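Colleague: based on what follows, work out the 3D shape:
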Amino acid sequence: MVRKVISRTPISLPEVEKIMSNSEEELSTLQLRVLNYVKKYSKLPAEKAESLIKELMEKFELTREEAVQIVDICPTHVEELRAVLSGYKRLVSFLLFSEEKLQAIVDLVKKYLREAQG
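Modeller: Numbering: from 1, shown residues only. The predicted structure is shown next:
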């Protein structure tokens, strides 16, 4: 069966896990490998991940793609965050001049990680 892509939206690893876990179809070998990967590396539940993505986009004016990248990695130090965002040309000045914003993002990620741990 040929499938047609209707739209593309970046989603986080926890969201992938939720979608694949709730799938009613039997998963292929490749899909099972992907599911095992996202279970192993997801650091937040899907609901918390989506909430963090929205907050990052609103507070720090990040694109969804940038916010998803942060949620997937959950950096806990400014240096890690800088490495995560360094591939986005749009953010070069943001990375060079705003240590306070970077620290605020890291603090927000840490808050969500603490909440997820209980």
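
Colleague: what helix or strand is Glu115 on?
Modeller: For Glu115, the enclosing helix or strand under DSSP states H and E is helix 99-117.

Colleague: in that helix, what's buried?
Modeller: Buried residues in helix 99-117, defined by neighbour count with 16 or more other Cβ atoms under 10 Å: Lys101, Leu102, Ile105, Val106, Leu108, Val109, Tyr112, Ala116. For the C-beta atoms, the positions are set from N, CA and C on the backbone; glycine is no exception.

Colleague: if I look at the fourth one, how far off is Leu35?
Modeller: Spelled out, it's Val106. Between Val106 and Leu35 the computed distance is 29 Å (Cβ to Cβ, to the nearest Å).

Colleague: same check, this time on the fifth one
Modeller: For Leu108, the distance to Leu35 under the criterion Cβ to Cβ works out to 28 Å.

Colleague: swap in Thr63?
Modeller: In this structure, Thr63 and Leu35 are 27 Å apart, going by Cβ to Cβ.

Colleague: repeat for Lys43
Modeller: The separation that Lys43 has from Leu35, given Cβ to Cβ, amounts to 16 Å.

Colleague: what helices and strands are in contact with the strand or helix carrying Tyr37?
Modeller: In this structure, Tyr37 is located in helix 29-41 according to DSSP H and E. Counting contacts by 3 or more Cβ pairs under 8 Å, 6 or more residues apart in numbering; DSSP states H and E, the secondary-structure elements packed against helix 29-41 are helix 13-21.

Colleague: how far off centre is the helix it packs on?
Modeller: Relative to the centre of its chain, helix 13-21 is centred 12 Å away, using Cα atoms, centre = their mean, to the nearest Å.

Colleague: now it against helix 99-117, angle please.
Modeller: For helix 13-21 and helix 99-117, the angle between their directions (axes from the mean of the first three to the mean of the last three Cα atoms, to 10 degrees) works out to 40 degrees.

Colleague: now do the buried residues in helix 13-21.
Modeller: Neighbour-count burial for helix 13-21, counted by 16+ other Cβ under 10 Å, picks out Leu13, Pro14, Glu15, Val16, Glu17, Lys18, Met20.
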